[in-house]
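[1] A predicted structure for the sequence below; I have some questions about it.
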Amino acid sequence: MSRRACISLKSVVWGIALSPLLLLLYRFLTNGLGANPISYATNLLGDTTLRLLLASLALTPLRILLGISWQMSLRRLLGLFAFFYACLHFTVWIAVDHFFEWGELIPDIVKRPYITVGMLALTLLTPLAVTSTSGMAKRLGGRNWRQLHRLVYLIGLLGVLHYLWLVKKGVNDPYLYAAILAVLLGIRLWDWARREGWLGRPAWFRGGYSPARAADDMRGD
Amino acid sequence: MLIRHAPNIAPSEITDYQLYLNRRSFLIGMAALALTPITSTAVAAPPAGTPLPARRSEQFTLEDPLTSIENITTYNNFWEFGPNKDDPARLAHLLKPRPWTVQIDGLVARPRRYDIEELLRLFPMEERVYRLRCVEGWSMVIPWIGYPLASLIKRLEPTSKARFVEFTSLLDSAQFPGQRKSLFSVSSLDWPYVEGLRLDEALHPLTLLTFGLYGQVLPNQDGAPVRIVVPWKYGFKSAKAIVRIRFVSEQLKTTWEKAAPSEYGFYSNVNPTVDHPRWSQATERRIGEFRRRKTLMFNGYAEQVAALYAGMDLRRNF
């Protein structure tokens, strides 16, 4: 990809990634946050975190499935934006929602599983953000860096659990996120198993598909 | 039972100023109501905002400032419309609160079906200002209009075997899109929505059979055309859009109890010392306020209702 194309692509991603924050600011300034502004902000920031995290996890599956790789340059940008929104989400919860009432907050972090996994996800995301620069990647060495950054799979799981364990019955959004995450991780798993040579091509694929033969196979002839 | 009397407050201090200015329209509404023949079979729903005249209760009122009608009608939990707070306001037009009947049956001397117009006229309407505490940790202060459920129950004469009252809400996925089954609704409630009270809770003077708020008929998103309001319990206990009231001898399973038995009990009294398994109930955010406030035992109605639960382990009977 040309340098110019790369810059315009990244500008588009910056615009999309910042739009939820701009929407929040606009609604804040025009008094449009609704009846429960703090809850609205917390939810919007949390949702955006998860969406960006899933977007960053979707780049590799795209390469696997479509064989394209120009999108891989967006990994760091999306990951850092996810970290940025996670920090905002956390800050609103601590500072605005609970006004630094540590006496309530700390027991909640320990006692409430949805908060525990959310905190864990944010904690694990921090070293990934810190080591996201090319310099840090060099210093760690490619292998170590890659291993460290595999934590993002776990972070994705924790993030989805955080949402799933928070909502009341009848709220289906977390299941949608869980399904997307499962597909994204599933494609990686399939690709890995294939490269390891654990997946033989299925019989119907090897010789081309023929309904008649498939039916014969099913009869066991 | 001791019922605390509220200090004297001028009605103009409690009422929203615009509404206070509109008090003449109440009188006009009252006159219109008086002129309507009782045998009216009109099925057109009163348009949103139709005044519902009521006498302001001196006994059941609060010093807390009222939550704005805008917030009361745009921030709702009404799962029949959908799980998002803005779903009810957005989809409220789908609900048709006329024609509407309420079936009364079960262990009662006079089972019968009431037309909503008849139910509205059975007893004089009162305006009462109550706190509403949602199980999610937010609260409002709402001027409801209705009459004590006890008045209706006494007229119906439940038999001596009746110990519980079951409330069923409307089942109709055309009016309530949240009741539609779809591929993407992995988790959903069991419809219709069923709630229940112990008979003594239903007979408590605080329990209000509610037809309006803020001087108007109930907006659809707030449970039109008839709901109950049980102010010392979490909001979901106050069934909306009621089509059936049944008197039974055994404690029933409510919709939320069926959905998550470890999280929602039959009683669901507001209690800051008994947490929801997943979150704390110690504090709440009053809609319109910035800082959280401490949640009060029985939502501040302990003096009136604590006796109902004397000797009960409220941690077990959550």
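    Received the coordinates, thanks.

[2] State the distance from the residue in the stretch 101-250 of chain B that chain A sits nearest to to residue A:169.
    Relative to chain A, the nearest point of the stretch 101-250 of chain B is residue B:186 (4.4 Å; Cβ to the nearest Cβ). Using the backbone N, CA and C atoms, a C-beta is placed for each residue, glycine as well. Counting by Cβ to Cβ, to the nearest Å, the gap from residue B:186 to residue A:169 is 10 Å.

[3] which one of these two has more residues nearby?
    Between residue B:186 and residue A:169, counting by other Cβ atoms under 10 Å in any protein chain shown, residue A:169 is the more crowded of the two (18 against 14).

[4] what about that one, which SS state?
    coil (DSSP: H, G, I helix; E, B strand; the rest coil).

[5] per-residue confidence at whatever residue of chain A ends up closest to chain B?
    Residue nearest to chain B within chain A (Cβ to the nearest Cβ): residue A:35, separated by 3.4 Å. Listed pLDDT for residue A:35 reads 96.

[6] Got the phi and psi for it?
    phi -70, psi -30 (degrees, to the nearest 10).

[7] Once you drop chain neighbours, what's closest to it?
    What sits nearest to residue A:35 in space, not counting adjacent residues and going by Cβ to Cβ, 6 or more residues apart in numbering or on different chains, is residue B:75, at 3.4 Å.

[8] swap in residue B:156?
    Counting by Cβ to Cβ, 6+ apart, the residue nearest residue B:156 is residue B:108, at 5.0 Å.

[9] That neighbour: neighbour count?
    18.

[10] Contact partners for the residue nearest to residue A:35?
    Counting by Cβ atoms under 8 Å, 6 or more residues apart in numbering or on different chains, residue B:75 touches A:34-36, B:85-86, B:287.

[11] who in chain B is up against chain A?
    B:70-71, B:74-75, B:79, B:83, B:85-86, B:136, B:138, B:178, B:184-189, B:256, B:259-260, B:278-280, B:282-283, B:285, B:287-288, B:291-292 (Cβ under 8 Å from any Cβ of the partner chain).

[12] Indicate the residue of chain B located nearest to chain A.
    residue B:75 (3.4 Å).

[13] And the pLDDT for that residue?
    Predicted confidence (pLDDT) for residue B:75: 98.

[14] Against residue B:139, how distant is it?
    Counting by Cβ to Cβ, the separation of residue B:75 from residue B:139 is 11 Å.

[15] Mutual contacts of those two, please.
    Shared contacts of residue B:75 and residue B:139 (Cβ under 8 Å, 6+ apart): residue B:287.

[16] average model confidence for the longest helix anywhere in chain A?
    Longest helix of chain A, by residue count under DSSP state H: helix A:3-29. In this model, helix A:3-29 has an average pLDDT of 95.

[17] From the contact counts, what lies against it?
    The contact analysis (3 or more Cβ pairs under 8 Å, 6 or more residues apart in numbering or on different chains; DSSP states H and E) places helix A:3-29 against helix A:37-57, helix A:75-91.

[18] quick revisit: and the residue of the stretch 101-250 of chain B closest to chain A, what is it in contact with?
    With contact set as Cβ under 8 Å, 6+ apart, residue B:186 has these partners: A:172, A:175.

[19] For chain B, which segments count as strands?
    If DSSP state E is used as the criterion, the strands of chain B fall at B:55-56, B:101-106, B:112-115, B:126-133, B:138-148, B:164-169, B:194-198, B:208-213, B:216-217, B:227-229, B:242-248, B:283-286, B:293-294.

[20] Can you tell me which of those strands is packed in deepest?
    Compared across these, strand B:208-213 shows the largest average neighbour count, a mean of 25 (mean count of other Cβ atoms under 10 Å in any protein chain shown).

[21] what's the burial count for residue B:85?
    20.

[22] Would you mind measuring from it to residue B:127?
    26 Å.

[23] What's the local residue count around the residue lying closest to residue B:80 once chain neighbours are set aside?
    Using Cβ to Cβ, 6+ apart and skipping the chain neighbours, the partner closest in space to residue B:80 is residue B:176 (3.7 Å). Taking other Cβ under 10 Å as the criterion, the count of residues near residue B:176 is 24.

[24] What residues does residue B:176 make contact with?
    Counted by Cβ under 8 Å, 6+ apart, residue B:176 has contacts B:80-81, B:94-95, B:170, B:191.

[25] Please check the residues you listed and keep the buried ones.
    With burial judged by 16 or more other Cβ atoms under 10 Å in any protein chain shown, the buried subset of these is B:80-81, B:95, B:170, B:191.

[26] quick one: which two of those are the most distant?
    Based on Cβ to Cβ, the longest span within those runs between B:95 and B:191 and measures 14.4 Å.

[27] Which residues of chain A lie near chain B?
    A:34-36, A:38-39, A:97-99, A:104, A:108, A:112-114, A:165-172, A:175-176.

[28] Pull out the buried members of these.
    The neighbour-count test (16+ other Cβ under 10 Å) marks A:34-36, A:38-39, A:97-98, A:108, A:112, A:114, A:165-172, A:175 as buried among the residues of chain A next to chain B.

[29] contacting residues around the residue nearest the centre of chain A?
    Centroid check for chain A by Cα atoms, centre = their mean gives residue A:53 as the closest residue, at 2.3 Å. Neighbouring residues of residue A:53 by Cβ under 8 Å, 6+ apart: A:79, A:82, A:152, A:155-156, A:159.

[30] what separates residue B:63 from residue A:126, distance-wise?
    47 Å.

[31] swap in residue A:76?
    Distance, residue A:76 to residue A:126, using Cβ to Cβ: 15 Å.

[32] and if you look at residue B:285?
    Here residue B:285 is placed at a distance of 29 Å from residue A:126 (Cβ to Cβ).

[33] And for residue B:240?
    Residue B:240 sits 45 Å away from residue A:126, going by Cβ to Cβ.

[34] In terms of neighbours, single out the busier of those two.
    residue B:240 (30 against 12).

[35] give the contact list for the closest residue to that one other than its chain neighbours.
    In space, and not counting its chain neighbours, residue B:240 is closest to residue B:223: 2.8 Å by Cβ to Cβ, 6+ apart. Listed by Cβ under 8 Å, 6+ apart, the contact partners of residue B:223 are B:78, B:210, B:238-241.

[36] Residue A:137 now?
    Contact analysis of residue A:137 by Cβ under 8 Å, 6+ apart lists A:131, A:145.

[37] From residue B:301, how far out is it?
    61 Å.

[38] Repeat that for residue A:123.
    Taken as Cβ to Cβ, the span from residue A:123 to residue B:301 is 42 Å.
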